[in-house]
Structures are given as C-alpha cells and as structure tokens.
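# Let's see this in three dimensions:
(chains A and B)
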Amino acid sequence: MAWANCLLLLATARMSLSPVDLVIIVLYFCLVLGLGWYLRRFTNTGDEFFMAGREMTAWIAGLSFISANLGSLEMMGYAAATYQYGILVGHAYWIGAIPAILFLALVMMPFYYICKTHSVPGYLKLRYGEGARSLSAVSFALMTILMSGINMYSMAIIMKVILGWDIHFSIWVSSLTVALYVMAGGLLSAIFNEVLQFFLIWIGCLVIPVVGLIETGGWAGMIHRIQTNFPGEDFTHMWRTTATFAGNPMGVHWTGIVFGWGLAISFGYWTTDFLVVQRVMAAKDLRSAELGTVIGAFFKMLVPLIVILPGLLALAVLPIHLVPESLAGQPNVHTYNEALPLMLARYCGPGLLGLGVTALVAGFMSGMAGNVTAFTTVWTYDIYKPFIRKQASDAHYVSMGRWCSLVGVFISIGTAYLVMNFSSIIVYAQVIFVFFIVPMFGTVILGMLWKRTTPAAGFWGLLAGILTSFGLWAWVKLDPTALKYIAFSPDAKDMAENVYRAMWSLIANFGVTILVSLVTKPKPDHELKGLVYGLTEVPSEGKIPFFRRPLTWAAVVGAGFVALNVIFW
Amino acid sequence: MHEHSISVWFFIGLILVVYGLLILGTGIYELFVPLANPVVMAHLHIGIWWGAGMLFFGLVYLVRFRPKRQQNRFTAVGGIHGKA
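Residues are numbered from 1 along each chain as shown, chains lettered A, B, ... in the order given. Below you'll find the model as predicted:
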C-alpha cells in the first residue's frame, strides 16, 4: 500500500497538505514576521542595524553563521548533487569547509575583529585603499543578488513539487516575508531568525535519514540497494574513486578536490564571503567570534546527515531515476533538484510534512536573509557612503539600509530564472563563487599574511582573478573541447570544471598580486597595524581553562574531520 | 539598547512546544483513524515519537529561558543573545 502511495505521489508530483500542515506553515510565517517587528525597537543606530550591535554570544553567532549557509540551496542543491555524483559531494562539507572554517576562526578572525570594519570590502579599504574595496564591493553586491535568485528558485521548486503552488506566487510571498523582517530588524532580526531556523531545519529534515535508514536496513542495506539500482557505479566512496578522472561520477581527480575545492573554493567562501563572516563579526568579543566560528564548523561537519544522506537514500529507494534539469517538463519526469522534496513526501505524513516544508522554507529564508543583510551592509557602507553620499547622519544610513533590503529582494527576484539553465542548482552557485569570491580570498589572505603586498597589487590581483575565472568559463562555453585543458579531462562534469577553474583563478590572483607587489611601493608598517600578521597584537585570552579556549575545540573538530574522511574513504 | 527583551531560546522553546503538540496530537489521532493513503514506513508512527521529543525539549527551553522581571539583554541568562 505504501509503495503504491509513493508511486501515486511521484505520478502526480505533489502532495496535498492537511489542515495541521497548513497551521504549522502559517504559524512559522507569523513567528518570523512577529520577531522582526519585535526586534525593530532594538535597531536604531547603524551599528545595531548592520552589525547587530556587535553583542552576539558564541553560540548565537556560531549557529547563525552556519544557518546563513544552510539555505534551501544548501539542502536541495547538495541533495540533488548527491543523487547525481554520489557521496563525493560530501567533500563540500568536510575538506571543502572544515579546514577553511578553522583557519577563519584561528588565523583570520583576529584581523577582521580588531580592525572593527563593517565588511570584508571594508577590510580591503583599510589594507589596500579604495580601488580594491570598490572592485570587491561591486562584485560582492552582484554576487549576493545572483545568489538570492538561487534561493528563490529552490523555494519555488519546493512549492511546486510538494504543494503544487504557482512558481511566481511562491517567490513573491516568501521573498517579501524575508524583506519585511530584515527591513524591520536588520542583522539582529536576521540572526535571531537564523537561530530559530537552524532548529527547524534540523528537526524537519532529520526525519528522512532516520526513517530512510530503517527502511533500507541501515547503511549496509542502503549501499546494497544503490548498487542494485545503479550497477557498476560507485556512489559511496569519498576518495577511493578519485585516482582517475573517469573512475567516479563527477569526473574529478583528487588533486581537483584538494586544491580546487579544499583550497580555492572553500577558503574563498568561508573566509571572505561576507554573508557568513558578517555573522561572527557581530560577536561580543574576539573569543566569542572565534569560538562561534568553531561551533559553526562542528555543525557544518554534521550537515551531511540531513542533505547528503537523503540524496544517497533517494538513489537507494526511489522507484524511478531522476534526470537533469534540462529534461524537466516531460511527463512523469522528475529532476535531480526534486530529490529532497520527493524524499520528504515519501516519509512524512500530516504534521511531519508541514514541519518538513517549514524546514525547507526556513532554509530558504535563512539563505535569503543572509544575502540581503550582506548586500545591504556592503551597498550602504562600501558603495553608497563612499561614492554617493559621504556626509550623512547615522539615521540616514539606517534608513538607506532598510529600503535597500526591499530593493535588493526585488532585484534578486529577477535573477531567479537564470538558475534554470544549469543542470543542478549547486553548480550555478559554484560558477558565481568562482567568479567573485575565490579571487577575493587570494587578495585578503596575501594582505593579511604578507606585509609587502601593495595597494596596487591588491587591486590588480583581484581583477586578474575575476577575469581569469570569467575568461575560462567563457572559453568552455564557446569551445567545449577546452575542458580538457582547464579540468585536465574531457570527462569532467560541471562541478569538476568549477573546482579546477577556481584553482586557476586563485593561481592567477596570487601570481599577479606577488608580481605587482615586487615592483610597486608597499605601505609603511605603521599604516598596517591591526591589519597584517606580524604587525598586529592579538589581545590575550587571559587566564581561562583550556576547555573554554577556541584552539582546544578547533582541535576536537579537526580530529573529527580526519576520522570522518578515514571512515568514508 | 538597554531595553528589556526576551531570550531567543524562549522563542525556540515556544515553537517546539506548539509544533510538538500539533505533531504528537496528529500522530495519536492516526493511531485510531489510519490514513487512507499512508506514507512509506507509516507503521513506525514516527509522528508520535517526533512530536513527543519536540514537546519535551520545547518545554525544557520554555521553562529554562522564560522571561523574568528586571532582566535586560545584557544581564539576562541567555538574554536576547542567549548564553555562551
């Protein structure tokens, strides 16, 4: 009976919600809007609206840090990519995240925190001057509204598959809700809601792996079913299949995973993407900022439970094979991006289905709010204030931030449809990251660690990285055979191409930055205090027990990271 | 900024309690009135277990972080920013 029901569900591509599901969803919308309205009274100054007053504790900052990343893109996109590429996608959570997050916590956070900047482009202004700041601010603002489009599209997919709602209706209702609560309470409201969303996402999505593993008879049973459904393909090893390009579904070599994904993309995203960094910069002190980041790393390491595992379970239990987005629209066909919603509908009855839909909506909102608050801050402090209106009252900039939240949402709605041209949502996201964020990492890290890096090098290195990334992408678009030069293999899939392009982009950034630095004049040491390693005095943590030190917990997370890679080798 | 406020954990406890009651109640109802088209693995009655768990943890948070008089965001246990 249950199987028949599942087949019926797949055929009709939607599931009707019961009254209790609707009550759960409506209550969620009421709560987030109510919280935004309640918190409005606490966000009157610029520091309060844009940086949440810099008063967050480690737990709040850490959960918000990871929740802003855990958008619907994260959940649906990586579940879809897992269905397509297998457990290899889990590298995004382990080697593609943990080393970079720990590096942010222990090495980079002191510089961000001590210089008290409002944003990452703001740091580049202090370190390099107006040129690098302007370029990074404009590219970052562009990236955030493009990324918002991904979140909106993800949301619309959920509503289409599960509820059968009109795609436009879904986009407008959800986006305007985010716009309203961010307009009201700024970063404080976003962080507050992200912590709430963190809990709902986990509770709502954890149903799938728990029930799924019971259905398949555990991990071994799941692997057996996958091998039966997809004979000859290895979807369940993280490293064993990466000795050759053709040996795994992604068409990637381990060098691409380590240097492209683990270094370029990962360090670019986690250490310089202001969307996530902004959350921990809002911590009440440096130790809380560092500890919050480590807490974020711990939960990031566990996220595969609710995104990768459902993707693997979909390979094991779904009675049909999902297809790329390019084949969407054909009768009785479901795409990779529908893997998670289909699994949700498979196991969740009334009540739990409402909770699961709420979890995905919460994921959308946390990701969307992350983009909107980061865009608002960068626009106001790094574009509007220096170039459009230098002298204005604090209240004027807060007002600009509130309206910018709304305008940012409207602009990003227009980008949602771009996503449909990519085979998997997450691939689109990586294309954008590689364009803008990876080069920014090279510029930031050289500026922090090498005092010889000059203002001119900061600008030209950043520009070279962006142009390299864009140029390589355009080259493959115009001539697909170029893939064998960029990704070292004609078998490379979209995701593999992205990781190699990231590697080239970072190499170009490093090369140009170092070369230009060697032939131009650096800033004097006294102008680099608080900005560069070796010239910055990091405040002592004082006498605190070892178990409260960020370094201790970073070591624990690092050990867990190594163990997981060995277990799933 | 020094206004009185409610802990973020209290709101989390509140939503967990409300959702827990709804899901637990629905799960118990389905024990007596099974669905015409049950989901896969419906015999586990996962809604009952999930709802009960949410209700329990929600109550713990609700009681632990309930608003108290004369607290502000800086001194309250868990204040607006929670407890580190």
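# nearest residue to A:Ile191 other than its sequence neighbours?
Among residues not flanking A:Ile191 along the chain, A:Ser64 sits closest, at 4.3 Å (Cβ to Cβ, 6 or more residues apart in numbering or on different chains). To be clear about C-beta, it is placed using only N, CA and C from the backbone, and glycine gets the same treatment.
# That neighbour is in what secondary structure piece?
helix A:58-69 (DSSP states H and E).
# contacting residues around the residue nearest to A:Ile191?
A:56, A:190-191, A:194-195, A:198, A:279, A:282 (Cβ atoms under 8 Å, 6 or more residues apart in numbering or on different chains).
# and with 10 Å instead?
Residues near A:Ser64 by Cβ atoms under 10 Å, 6 or more residues apart in numbering or on different chains: A:52, A:56, A:187, A:190-195, A:197-198, A:276, A:278-280, A:282-283, A:292, A:296, A:366, A:369-370, B:8.
# So which bits of the stretch 101-250 of chain A are right by chain B?
Residues of the stretch 101-250 of chain A lying close to chain B (Cβ under 10 Å from any Cβ of the partner chain) are A:188, A:191-196, A:198-200, A:203-204, A:206-207, A:210-212, A:214-215.
# For burial, what's the neighbour tally of the closest residue to A:Thr242 other than its chain neighbours?
Of all residues not flanking A:Thr242 in the chain, A:Trp254 sits nearest, at 4.0 Å (Cβ to Cβ, 6+ apart). For A:Trp254, the neighbour count with other Cβ atoms under 10 Å in any protein chain shown is 17.
# swap in A:His321?
A:His321, neighbours per other Cβ under 10 Å, totals 11.
# which SS class is it?
On the three-state scheme (DSSP: H, G, I helix; E, B strand; the rest coil), A:His321 is labelled coil.
# Now the longest helix along chain A: average pLDDT?
For chain A, the helix with the greatest residue count under DSSP state H is helix A:167-205. The average pLDDT within helix A:167-205 is 83.
# Stretch A:470-489 now?
Stretch A:470-489 comes out at a mean pLDDT of 85.
# buried ones in it?
A:470, A:472-473, A:475-476, A:482-483, A:486-489 (16 or more other Cβ atoms under 10 Å in any protein chain shown).
# A:Ser469 is in contact with A:Phe436, correct?
Yes: if you go by Cβ atoms under 10 Å, A:Phe436 and A:Ser469 touch, sitting 8.1 Å apart.
# Please identify the helix or strand for the residue nearest to the spatial centre of chain B.
Centroid-nearest residue in chain B, with Cα atoms, centre = their mean: B:Leu16, separated by 1.5 Å. Using DSSP H and E, B:Leu16 falls within helix B:8-32.
# Name the residues of the helix or strand following that helix that are buried.
Remark: after helix B:8-32, the chain's next helix or strand is helix B:46-64, criterion DSSP H and E. Residues of helix B:46-64 classed as buried: B:46-48, B:50-51, B:54-55, B:57-58, B:61-62 (neighbour count, 16+ other Cβ under 10 Å).
# which among the residues you listed are in contact with chain A?
Among the buried residues of helix B:46-64, chain A is touched by B:46-48, B:50-51, B:54, B:57-58, B:61 when using Cβ under 10 Å from any Cβ.
# Take those and lay them out in CSV including pLDDT.
Conversion of these to CSV gives the following (pLDDT from 0 to 100):
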residue, pLDDT
B:Ile46, 91
B:Gly47, 91
B:Ile48, 94
B:Trp50, 94
B:Gly51, 94
B:Met54, 94
B:Phe57, 94
B:Gly58, 94
B:Tyr61, 92
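# And the helices in the stretch 251-400 of chain A?
With helices called from DSSP state H, counting those that start in this stretch, the stretch 251-400 of chain A shows them at A:254-255, A:266-272, A:274-281, A:286-302, A:304-317, A:339-347, A:352-378, A:394-413.
# Wasn't A:Gly542 part of a helix?
No: A:Gly542: not assigned to a helix; according to three-state DSSP it is coil.
# That one: how many residues sit nearby?
Quick note: A:Gly542 (other Cβ under 10 Å) scores 6 neighbours.
# what does A:Ala316 give?
The burial count for A:Ala316: 23, using other Cβ under 10 Å.
# for A:His253, what are its contacts?
Per Cβ under 10 Å, 6+ apart, neighbours of A:His253: A:242-247, A:259-260, A:487-489, A:492, A:496, A:499-500.
# Same check on A:Leu206?
A:Leu206 touches A:305-306, A:309-310, A:356, A:359, B:50, counting by Cβ under 10 Å, 6+ apart.
# From the chain's centroid, how far away is the helix holding A:Ser64?
In terms of Cα atoms, centre = their mean, to the nearest Å, the centre of helix A:58-69 is set 12 Å apart from its chain centre.
# what mean pLDDT would you report for that helix?
87.
# Over to stretch A:244-259?
So the average pLDDT for stretch A:244-259 ends up being 78.
# So for it, what gets flagged as buried?
A:245, A:247-254, A:256-259.
# in what helix or strand does A:Met250 lie?
Counting by DSSP H and E, A:Met250 is part of no helix or strand.
# OK, contacts around it?
Per Cβ under 10 Å, 6+ apart, neighbours of A:Met250: A:81, A:84-86, A:88-89, A:91, A:241-242, A:256-257, A:491-496, A:499.
# what separates it from A:Tyr500, distance-wise?
12 Å (Cβ to Cβ, to the nearest Å).
# Next: A:Ile567.
27 Å.
# pretty sure B:Tyr61 is touching B:Leu55, no?
No: the pair B:Tyr61 / B:Leu55 is not scored as a contact, 11.1 Å apart, by Cβ under 10 Å.
# tell me the mean pLDDT for stretch A:397-406?
For stretch A:397-406, the mean confidence score works out to 87.
# That stretch near chain B at all?
No: figure legend: stretch A:397-406 not in contact with chain B (Cβ under 10 Å from any Cβ); closest approach 13.7 Å.
# ok, back up a step: is chain A within reach of the helix holding B:Leu16?
Yes: contact between helix B:8-32 and chain A, assessed by Cβ under 10 Å from any Cβ, occurs at B:8-9, B:11-16, B:18-20, B:22-27, B:29-30.
# Please save the CA atoms from stretch A:408-418 in CSV.
The C-alpha atoms that make up stretch A:408-418 are tabulated as CSV, following Å, rounded to 0.1, in the frame of the first residue of the first chain:
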residue,chain,number,x,y,z
GLY,A,408,17.7,44.0,-3.0
VAL,A,409,14.9,41.5,-2.8
PHE,A,410,13.2,43.0,-5.9
ILE,A,411,16.4,42.9,-8.0
SER,A,412,17.2,39.4,-7.0
ILE,A,413,13.7,38.1,-7.9
GLY,A,414,14.7,38.9,-11.5
THR,A,415,17.8,36.6,-11.3
ALA,A,416,15.8,33.5,-10.2
TYR,A,417,15.2,32.4,-13.7
LEU,A,418,18.9,32.2,-14.6
